[in-house]
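Undergrad: Got a sequence here, can you model it:
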Amino acid sequence: MDMQGSRHLSITQAQAWESLNDPQTLQACLPGCDQFERDPGDASRYAVRMAVRIGPVSARFTGRVSLGELDPPHGYHLAFEGQGGIAGHGKGSSQVTLAPLEDGGCLLSYTVQAQVGGKIAQLGQRLIDGAAKSMADDFFKRFEAEMQRRHGAPA
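TA: Numbering: from 1, shown residues only. Modelled structure (predicted):
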């Protein structure tokens, strides 16, 4: 699966960078996520646990997220992998970039490449792609609401 997109955020580039590096914010904004904890031995790695539903298959995934190529406050590379028991497994990577905008907000752009295996892979690419897009949309809706709560409504 390959996916890309961009979002206009009504917060500054620095605020976006800080929030996208905050485990509590990420846990609150990822649908179904009940754990997003920094690895005590490596500040760029996180343990993640989340419930995922794709079509008729639902599972609790546990996995790791690692950040690399950190370029504050411009972006980073994110790698992820997760196991969902008999439902299957997934792994992939994402490139996230932040650019300031003239209106005081910033543009968040991302690309995602992912592979899935197990029962999930048998569901068909269209269903998987649709679920991934829906998860991304849910994340950004939650993220934007959280940013408004923290920083106020856009001017």
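Undergrad: Just the buried residues of the helix or strand where residue 107 lies, please?
TA: For residue 107, the host element (DSSP states H and E) is strand 106-117. Neighbour counts over strand 106-117 (16 or more other Cβ atoms under 10 Å) mark 106, 108, 110, 112, 114, 116 as buried. Every residue, glycine included, has its C-beta placed from N, CA and C.
Undergrad: I'd like the average pLDDT over it.
TA: Averaging pLDDT along strand 106-117 yields 94.
Undergrad: buried ones in stretch 124-135?
TA: 128, 131-132, 135.
Undergrad: Tell me which entries of those residues lie within helices.
TA: Per DSSP state H, helices hold the following members of the buried residues of stretch 124-135: 128, 131-132, 135.
Undergrad: just curious, which of those is nearest to residue 53?
TA: Distance to residue 53, by Cβ to Cβ, is smallest for residue 131 among those, at 7.6 Å.
Undergrad: For the nearest residue to the closest one once chain neighbours are set aside, give its distance to residue 75.
TA: Excluding the flanking residues, the one nearest residue 131 by Cβ to Cβ, 6 or more residues apart in numbering is residue 54, at 4.2 Å. Separation of residue 54 from residue 75 (Cβ to Cβ, to the nearest Å) stands at 28 Å.
Undergrad: cool, residue 42 as well?
TA: Distance from residue 42 to residue 75, by Cβ to Cβ: 20 Å.
Undergrad: just residue 106 next, same as before
TA: Plainly put, residue 106 is 11 Å away from residue 75 if you go by Cβ to Cβ.
Undergrad: between the buried residues of strand 106-117, which is nearest residue 22?
TA: Of the buried residues of strand 106-117, the one sitting nearest to residue 22 (Cβ to Cβ) turns out to be residue 108, at 14.7 Å.
Undergrad: I'd like to know how many residues surround residue 45.
TA: Neighbours of residue 45 under the rule other Cβ atoms under 10 Å: 16.
Undergrad: Kindly state the beta-bridge partners for it.
TA: residue 66 (DSSP bridges).
Undergrad: Packing partners of the helix or strand bottoming out on mean pLDDT in the chain?
TA: Ranked by mean pLDDT, DSSP states H and E, the weakest helix or strand in the chain is helix 125-151, scoring a mean of 91. Contacts defined by 3 or more Cβ pairs under 8 Å, 6 or more residues apart in numbering; DSSP states H and E place helix 125-151 against strand 2-9, helix 13-20, helix 23-29, strand 42-54, strand 106-117.
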